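1. Okay, sequence plus prediction incoming.
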Amino acid sequence: MNEQGGPFNIMKKPIIGWREWVALPELGVEHIKAKIDTGARTSALHAFDMQLLEKQGQNWVRFAIHPYQRNDTDRLTCSCRVRGSRVVTNSGGTQEERLVIETRLTLGELSWPIEVTLTNRDQMGFRMLLGRTALRGHFLIDPRRSFLRRTSKNIT
């Protein structure tokens, strides 16, 4: 059943692999490799040098990211309105309070807003995790495959 109570037609869902190239156009991120992580409820983005700001009475955050795995040279500076904060238990079992932002995700030909927590992922294999809340209703996942969805900004 789908969320509206009707039959769920899985044949109409595009398939993605366990890792995909995605874009975060509102943050100026043309491509970043994301691990598809259905074990994580919330998506996470690598961020460091975070600074809280106030713009027109709203909380904003300015932060930097290294968009590519194993590359600490390339750096992007992003800013976004803060939606709140959330305590997240990481893969090591440690709880961490993280800022939450909302931004548009582009994966293949689809684009939609998602919530993302900001955390330093320098020591992790992927600079971004896509959790099940962001993926819900959009795709089927084939864990045997990678990079099934193409965008105009894919790199190899």
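-> Thanks, I have it.
2. Spell out the residue ranges of the helices in the chain.
-> Per DSSP state H, the chain carries helices over the ranges 132-135.
3. what about the strands in it?
-> Applying DSSP state E to the chain gives strands spanning 15-16, 19-24, 29-37, 43-46, 48-55, 58-65, 76-89, 95-107, 110-119, 128-131, 140-141.
4. Reformat the ones you listed as TSV; add distance to residue 148.
-> From N, CA and C alone the C-beta is placed, and that goes for glycine too. Written out in TSV, the entries for the strands of the chain read as follows (distance: least, Cβ to Cβ, whole Å):
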stretch	distance to residue 148
strand 15-16	5
strand 19-24	7
strand 29-37	10
strand 43-46	19
strand 48-55	30
strand 58-65	24
strand 76-89	25
strand 95-107	10
strand 110-119	13
strand 128-131	14
strand 140-141	10
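5. To residue 147, which of these lies closest?
-> strand 19-24 (6.1 Å; Cβ to Cβ).
6. Which strands or helices does the closest one pack on?
-> Applying 3 or more Cβ pairs under 8 Å, 6 or more residues apart in numbering; DSSP states H and E, one finds that strand 19-24 makes contact with strand 29-37, strand 95-107, strand 128-131.
7. ok, and which of the ones you listed has the densest surroundings?
-> Burial among these, expressed as mean neighbours by mean count of other Cβ atoms under 10 Å, is greatest for strand 128-131, which shows a mean of 24.
8. For residue 25, give its distance to residue 53.
-> Computed with Cβ to Cβ, to the nearest Å, the distance linking residue 25 and residue 53 is 21 Å.
9. Among the strands of the chain, which comes closest to residue 150?
-> Among the strands of the chain, if distance is taken as Cβ to Cβ, the winner is strand 19-24, at 7.9 Å.
10. What count of nearby residues applies to the nearest residue to residue 32 once chain neighbours are set aside?
-> Counting by Cβ to Cβ, 6 or more residues apart in numbering, residue 67 is the residue found nearest to residue 32 once chain neighbours are left out, at 4.7 Å. For residue 67, the neighbour count with other Cβ atoms under 10 Å is 21.
11. start the count at 27, not 1, going forward
-> Understood, numbering begins at 27; the last thing we discussed is residue 93.
12. just checking, residue 93 touches residue 60?
-> No - with contact taken as Cβ atoms under 8 Å, residue 93 and residue 60 are classed as non-touching, separated by 10.7 Å.
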